[in-house]
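S.K.: Any chance you can model this:
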Amino acid sequence: MSRTIAIIQQRLGNTRLKNKALLPLCGIPMTQHIVDRCKRAKLVNEVAVACPFKDAIVLGEALDATIVAPDVPENDLIARYYTVAKGMGADVAIRISGDNPCIEPEEIDALLAPVRAGECEMAIGSRFLAGGGYEGSGWRRAGTRFLSWVCRLVTGQRITDATSGFRAFGPRALRYLASYYPADYPEPEAIVLLSRRGLPIREVPVRMRPRQAGQSSISGLRTVYYMAKVSLSLLLAVFKEGPTRQAA
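M.R.: Below you'll find the model as predicted:
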């Protein structure tokens, strides 16, 4: 049986909402809600909270959960994710945001299903496929369409939500990304890197709720600048070193 681990990214150093990870919701820390919902997913065997080393003791005392704090830079969330997956011996791993206490166990299972069945090595939860129901701002929609076009140009595959961080990975993708993960724009770059290596990618429609308050850091002219940088990064990813195809 595949060892499937849900890895929740969490930290206590949020500057916009202090101590967000442990804010009580109905008397229970927010992160505990995420842990409990992940445990209800039928295809998940284990749940781990990945955090910076300095936060491990506080989170460990506050949560009924497995806390893992690998020796990676504090702000390098991607390195932490892949290091935890590798260290825990995951065959399949799903990346869970530490900001969503309302994540649905059924959507976790829907994303894991094609990976566990061997149908793909990376499943991406897409907000924009039929049934997702997500609209977002006009700037985000325009940027997403542009990135979709760039991904198709580079990989030959249509990807509707290249920046979605809700992803599940199979064993070959995990082995590769654990030692050769993209650091600049990890979500879209991972699409290019895995596609070049012949590892199949699939999108699964998921429901994501739009922002209710606050303002995105990427809007207006920043969107144009961001898309230009990401597009250049995707084109450069084609020429990055590494084997062009992995054995099955």
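S.K.: Kindly confirm my reading that residue 8 is in a helix.
M.R.: No. Applying DSSP: H, G, I helix; E, B strand; the rest coil, one finds residue 8 to be strand, outside a helix.
S.K.: tell me the pLDDT at it?
M.R.: We have a pLDDT of 97 for residue 8.
S.K.: Run through the bridge partners of it.
M.R.: residue 49, residue 96 (DSSP bridges).
S.K.: What sits closest to residue 63 if chain neighbours are left out?
M.R.: residue 32 (5.4 Å; Cβ to Cβ, 6 or more residues apart in numbering). Every residue, glycine included, has its C-beta placed from N, CA and C.
S.K.: and that neighbour, what is it in contact with?
M.R.: Shown in contact with residue 32 (Cβ atoms under 8 Å, 6 or more residues apart in numbering): 62-65.
S.K.: Okay, and it sits in which element?
M.R.: Element membership for residue 32, per DSSP states H and E: helix 30-39.
S.K.: Now, the contacts of residue 32 that are in helices?
M.R.: The helices, defined by DSSP state H, take in residue 62 from these.
S.K.: dump the residue contacts of the residue most central in space within the chain.
M.R.: By Cα atoms, centre = their mean, the chain has its centre lying nearest to residue 165, at 3.0 Å. Contact analysis of residue 165 by Cβ under 8 Å, 6+ apart lists 95, 97, 187.
S.K.: any idea which of those is least confident?
M.R.: Within these, pLDDT is lowest for residue 187, at 86.
S.K.: Excluding sequence neighbours, find me the nearest residue to that residue.
M.R.: residue 163 (5.1 Å).
S.K.: you'd agree that neighbour is up against residue 188?
M.R.: Yes. Counting by Cβ atoms under 8 Å, residue 163 does reach residue 188; the two are 6.3 Å apart.
S.K.: who's more crowded, these two?
M.R.: Set residue 163 next to residue 188 and count neighbours by other Cβ atoms under 10 Å: residue 188 wins out with 25 against 18.
S.K.: mind listing what's buried in the helix or strand where the more buried one lies?
M.R.: For residue 188, the element it lies in under DSSP H and E is helix 186-196. By neighbour count on 16 or more other Cβ atoms under 10 Å, the buried set for helix 186-196 is 186-196.
S.K.: how near is the residue of the chain most remote from its centre to residue 19?
M.R.: For the chain, the largest distance from the centre (Cα atoms, centre = their mean) belongs to residue 27, which lies 27.6 Å off. According to Cβ to Cβ, to the nearest Å, residue 27 and residue 19 sit 16 Å apart.
S.K.: Report the secondary structure state of residue 67.
M.R.: Put simply, residue 67 is strand when judged by three-state DSSP.
S.K.: likewise residue 107?
M.R.: Secondary structure, three-state DSSP: residue 107 is helix.
S.K.: Run a quick neighbour tally on it.
M.R.: As a burial measure, residue 107 scores 18 neighbours (other Cβ under 10 Å).
S.K.: Return the residues in contact with it.
M.R.: By Cβ under 8 Å, 6+ apart, residue 107 lies in contact with 125, 206-207.
S.K.: ok, it to residue 128 distance?
M.R.: For residue 107, the distance to residue 128 equals 15 Å [Cβ to Cβ].
S.K.: how about the strands in this structure?
M.R.: Assigned by DSSP state E, the strands in the chain fall at 4-9, 24-25, 28-29, 46-50, 66-68, 92-96, 122-126, 167-169, 201-205.
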